[in-house]
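Peer 1: how would this look folded up:
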Amino acid sequence: MFNTLKIKKQYFILCLGVVFSSCLTNIDEEQEIDPCTTVTFSAEVKPIIDANCVQCHGTGGNFPNLTTYQGVSGNASNVKSQVVSRKMPIGSTLTDAETQAISCWVDAGAINN
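Peer 2: Here you go, the predicted model:
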């Protein structure tokens, strides 16, 4: 009788170990966060445009005028195309992170956020 009770106890402990270890593997899974979901016009895109584009594409400058949200969003696909191809800004270059931020923002609909 003691052998049967001992075997049942060991089996019960083994089952508990399996249950707990299988739960632990689900807790440690990390989800990748898409960096594009956090890109905003006001925090990321506008500072890039202001620092690199408005010198030439400002009021009274070359077309398009990129000093306002309307000017940037109305030309968003063109802006993306020019920075991704590294044609703009002339005389300097954007970092990969800056190019990615503009691309993400345009791909997300170029919203005023």
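Peer 1: contacts and neighbour counts: CA atoms only from here.
Peer 2: Will do.
Peer 1: Buried residues of stretch 48-66, list them for me.
Peer 2: For stretch 48-66, the neighbour count (16 or more other Cα atoms under 10 Å) marks 48-49, 52-54, 56-58, 64-66 as buried.
Peer 1: Pull that stretch out as CSV, backbone CA atoms only.
Peer 2: Provided in CSV are the C-alpha atoms of stretch 48-66 (Å, rounded to 0.1, in the frame of the first residue of the first chain):
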residue,chain,number,x,y,z
ILE,A,48,13.4,66.0,-39.7
ILE,A,49,11.8,68.2,-42.3
ASP,A,50,12.5,71.4,-40.4
ALA,A,51,16.2,70.5,-39.9
ASN,A,52,16.8,69.2,-43.4
CYS,A,53,14.3,70.4,-46.0
VAL,A,54,12.8,73.8,-45.2
GLN,A,55,16.0,75.7,-46.1
CYS,A,56,15.2,75.0,-49.7
HIS,A,57,11.5,74.1,-49.5
GLY,A,58,10.3,76.9,-47.3
THR,A,59,8.2,79.9,-47.9
GLY,A,60,9.3,81.5,-51.2
GLY,A,61,11.6,78.6,-51.9
ASN,A,62,11.5,75.6,-54.2
PHE,A,63,8.3,73.6,-54.7
PRO,A,64,6.9,72.0,-52.7
ASN,A,65,6.6,74.2,-49.6
LEU,A,66,7.3,71.9,-46.6
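Peer 1: Tell me which helix or strand comes right after the worst-scoring helix or strand of the chain on mean pLDDT.
Peer 2: Using mean pLDDT, DSSP states H and E, helix 2-27 stands out as the lowest-scoring helix or strand of the chain, at a mean of 60. As assigned by DSSP states H and E, the chain's next helix or strand after helix 2-27 is helix 46-52.
Peer 1: Helix or strand next in line after that next one, which one?
Peer 2: The helix or strand immediately downstream of helix 46-52 is helix 69-74, counting by DSSP H and E.
Peer 1: what does that following helix rub up against?
Peer 2: By Cα atoms under 8 Å, 6 or more residues apart in numbering, the residues outside helix 69-74 that reach it are 46, 64-66, 79, 110-112.
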